[in-house]
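Asker: Structure, please.
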Amino acid sequence: MSTSAYHDTTAGMTPPPPGCPVDHDWSPLSADYLRDPYEVAAQLRERGGAFYAEQLGYVVITSMADIEAVFTDHDTFASTNVQDPVFPLDERAQAVLAAPDFDPIAVMSNRPEPDHGRIRVFTRQGFSNRRLKMIEPFIRARTTELIHRMLAHGPPAEFVQAVAFPLPGETVFRWIGFPHADDDQLKQWCLGRKSFSWGHPTGDEQAAIAEELLAYWRYSREFVAARREQRGDDFTSELLDAHEADSDALSYREVESIVYGLSFAGHEPVTALLSNCLLCLLSRREQWDELCADPTLVVNAVEEVLRYESSQISWRRVTTRPTTLAGYDLPAGTKIFMNFAAANRQPEVFEDADRFDIHRPNANRNISFGKGIHYCLGAMLAKVEARIVVAELATRVPSLRLVPDQPITHSANITFRGPERLLVDWDR
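Answerer: Okay, here's the model as predicted:
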């Protein structure tokens, strides 16, 4: 059974493919792009084709057709680099992660075929409708509690810390089976992961994050070992049952690694989605009022948020063999940066693409959860959380509004996008 490390911490930048245009200046970590990626992404898209971003070391593609072509040709465009740091790590971080027991392996988002398909059989079962129905009462109850606490403290409130940050983490922790008593520690360990794999942290920051990754991996291993002795009604126990039924189909270290990887995937992007929902809806009063009057509109409203202000504005791939993409010949080993911010507002795909519209008929055409065999398994769970939160707020606090003139900032990373803070107000 072929395996590879969960994070490749040594990969360097690759040179531009012969004949591919080179942009010496653009970076997804630049201040103007972090502030508003959509205006810049539109300019990149209008150039046509693809280009090599020298600051990043990736070939950037911007059209929906090219991105969908990459997603659906998994033999040519591998997902093996999606969890890797964008830039080589500092020696101190490398030393921490060289610990003999730090050995998680690629399992889902970054595992190529045929192993990806083999493992996905078991993880897909964990995201079944049955388990969604089991976790939904927890999501509803916890949403009610968090919103009640926010309202009880009185306006204004900071929504990210009040609701958007705690809810997704606690939801995925209950899904996995982690005990409630460990929530605060688990959330802290997850905080640095975004910067580690998708940002450009300093050497000191890298070393600190590496220590957290090591601690979280050790915690995950100990938790799986405990569940091996005493099962619960949770996803980890289901994976262990599958492993013991056929250890050749699902190895024990794959179970450990799925648990290690799942918490971030179900946490950070959903926090951003919940905050982006309010950012989009509350700044368009007529659409928020319409949703308050008819909460059934929330389903399409969440899809439109995913399109217009996605919590994930890029993803990565690497070529496994020479190929042609967007009219350029790319050698094997070329790193690909798929710019969702450009594709999700492509005017040939979405009419009046820069307008937010909760009635948009093809809002679900967005590419924010990927496509093909690597389509995000947790997409439905994320959407359920967002629908529940938005519907609950629309019902309980129709006067909810954004505090005017507040600065909106985003963390410096190439992929995940949501406000770091979001102040809201309402009528008492």
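
Asker: show me the contacts for residue 413.
Answerer: 29, 194, 195, 198, 199 (Cβ atoms under 8 Å, 6 or more residues apart in numbering). Glycine gets a C-beta too; all of them are placed from N, C-alpha and C.

Asker: Most neighbours of all these, which one?
Answerer: residue 198 (24 neighbours; other Cβ atoms under 10 Å).

Asker: show me where the stretch 151-300 of the chain has helices.
Answerer: 159, 166-176, 183-191, 193-198, 203-229, 235-245, 252-265, 268-282, 285-293, 298-308 (DSSP state H, counting those that start in this stretch).

Asker: quick one: the last one to helix 268-282, angle?
Answerer: When axes from the mean of the first three to the mean of the last three Cα atoms, to 10 degrees is applied, the directions of helix 298-308 and helix 268-282 differ by 100 degrees.

Asker: Likewise for the fifth one?
Answerer: For the pair helix 203-229 and helix 268-282, the angle between their directions (the same axes, to 10 degrees) equals 110 degrees.

Asker: From what I see, residue 347 and residue 353 are in contact.
Answerer: Yes - using Cβ atoms under 8 Å, residue 347 makes contact with residue 353 at a distance of 4.8 Å.

Asker: And these two? Which one has more around it.
Answerer: residue 353 (16 against 12).

Asker: OK, contacts around that one?
Answerer: So residue 353 contacts 344, 345, 346, 347 (Cβ under 8 Å, 6+ apart).

Asker: make it 7 Å
Answerer: Neighbouring residues of residue 353 by Cβ atoms under 7 Å, 6 or more residues apart in numbering: 345, 346, 347.

Asker: Can you tell me the closest non-neighbouring residue to the most centrally placed residue in the chain?
Answerer: Centroid check for the chain by Cα atoms, centre = their mean gives residue 269 as the closest residue, at 3.9 Å. Setting aside the residues directly before and after it, residue 269 is nearest to residue 311 in space (Cβ to Cβ, 6 or more residues apart in numbering), at 4.8 Å.

Asker: Pretty sure the one you found sits against residue 275.
Answerer: No - counting by Cβ atoms under 7 Å, no contact exists between residue 311 and residue 275, whose distance comes to 8.3 Å.

Asker: Give me the common contacts of the two.
Answerer: In contact with both residue 311 and residue 275: residue 418, using Cβ under 7 Å, 6+ apart.

Asker: ok, back up a step: model confidence for the residue nearest to residue 269, exactly?
Answerer: Note for residue 311: predicted pLDDT of 96.

Asker: Over to the one 10 residues further on?
Answerer: We note a pLDDT of 97 for residue 321 in this prediction.

Asker: Could you give the number of residues near it?
Answerer: Residues lying near residue 321 (other Cβ under 10 Å) number 12.

Asker: how far away is it from residue 330?
Answerer: According to Cβ to Cβ, to the nearest Å, residue 321 and residue 330 sit 9 Å apart.

Asker: Show me which residues of stretch 175-189 are buried.
Answerer: Neighbour-count burial for stretch 175-189, with 16 or more other Cβ atoms under 10 Å as criterion, is recorded at 175, 176, 177, 178, 186, 187, 189.
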